[in-house]
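*Asks:* this one's structure only:
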């Protein structure tokens, strides 16, 4: 009886320890790199839009890399914008600060050529923007 009790206690303890903490391995993630004219696009916002209009967004790092956590599954369209938006048409804007990336206006709306089907898990999709 004592051996049964010990085995049961060990099994319960192992279950509790195994269930503690968080694991990012099971979380859906879409990663990739944004380039504009072949150059890394730092500090731009990437938004993935699902067919049901749900969104996931991320900011790119110094090498243009992004990571979307829990993006919608299925067909995705993408919107890519700079942190400093372009001025309205006809308005003269001061020059941007050094290192600022200018994203072509056509990528600010999801009706561009950027499309990907996300099936879940961990997938990669590089966004190659053209000037």
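*Replies:* Right, received. Where do you want to start? Small disclaimer: the values here were computed from a predicted structure and weren't measured.

*Asks:* let's check: the centremost residue of this protein is which one?
*Replies:* Here the mean C-alpha position of the chain is nearest to the C-alpha of residue 68 (CA atoms, centre = their mean), at a distance of 2.1 Å.

*Asks:* and that residue, how far from residue 89?
*Replies:* Plainly put, residue 68 is 31 Å away from residue 89 if you go by CB to CB, to the nearest Å. C-betas here are computed from N, CA, C, even on glycine.

*Asks:* tally of neighbours for the closest residue to residue 59 other than its chain neighbours?
*Replies:* Of all residues not flanking residue 59 in the chain, residue 45 sits nearest, at 5.8 Å (CB to CB, 6 or more residues apart in numbering). Number of residues near residue 45 (other CB atoms under 10 Å) recorded here: 17.

*Asks:* how close does residue 45 get to residue 92?
*Replies:* Distance of residue 45 to residue 92, computed by CB to CB: 24 Å.

*Asks:* then residue 69?
*Replies:* Counting by CB to CB, the separation of residue 69 from residue 92 is 39 Å.

*Asks:* so between those two, which is more surrounded?
*Replies:* residue 69 (13 against 5).

*Asks:* for the more buried one, which non-adjacent residue is closest in space?
*Replies:* Per CB to CB, 6+ apart, closest to residue 69 is residue 29, 5.6 Å.

*Asks:* tell me the pLDDT at that neighbour?
*Replies:* Listed pLDDT for residue 29 reads 98.
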